[in-house]
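# heads up, no residue letters with this:
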């Protein structure tokens, strides 16, 4: 389950940022994850709960919000933007396979709240 290590990395980033900003406890974390990361939201939640029990920086009732970003491609031939479903990297407008990924690989902390 790579979600546990992903949440571990998120917690390390939170620790560094909280130290820089004199934040003692975090109550809410918002993550953005692209569908191509293959991160499972339920597994991320489960991992966050495990870290929440052991990490003093995270309040006991801290909340993890997850926003999933779709896989969006842009055709390099006709510039048509479209959502890629079922890993079909073919332009629905001109049938080109010359596609640039616009989104879907994101994995970042959008924001966090604390005191």
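Perfect, thanks for sending it. On a predicted model such as this, the values are computed, not experimentally measured, just so you know.
# so the residue nearest the centre of the chain, which of the three states?
Centroid-nearest residue in the chain: residue 33, 2.3 Å away (criterion: CA atoms, centre = their mean). Assigned by DSSP: H, G, I helix; E, B strand; the rest coil, the conformation of residue 33 is strand.
# can you point me to the longest strand in this structure?
Scanning the chain for the longest strand, with DSSP state E as the assignment, gives strand 58-69.
# Tell me the strands beside that strand, with direction?
Paired neighbours of strand 58-69 in the sheet (DSSP bridges): strand 26-34 (parallel).
# Now do the buried residues in the partner strand.
26, 29, 31-34 (16 or more other CB atoms under 10 Å). Glycine gets a C-beta too; all of them are placed from N, C-alpha and C.
# what's the closest of those residues to residue 114?
Of all the buried residues of strand 26-34, residue 114 sits closest to residue 26, with 4.0 Å by CB to CB.
# what's near enough to touch the residue lying farthest from the centre of the chain?
Most distant from the centre of the chain: residue 94, at 31.0 Å, with distances by CA atoms, centre = their mean. Each residue near residue 94 by CB atoms under 8 Å, 6 or more residues apart in numbering is listed here: 75, 77-78, 80.
# and if you look at residue 48?
Residue 48 is in contact with 7, 29, 62, 64, counting by CB under 8 Å, 6+ apart.
# tell me which element it falls in.
helix 41-54 (DSSP states H and E).
# how about low-confidence regions in the protein?
For the chain, applying pLDDT under 70 flags the ranges 1.
# I'd like to know how far residue 99 sits from residue 77.
Counting by CB to CB, to the nearest Å, the gap from residue 99 to residue 77 is 9 Å.
# more neighbours, these two?
Taking residue 99 and residue 77 together and counting by other CB atoms under 10 Å, residue 99 has the greater number of neighbours (18 against 14).
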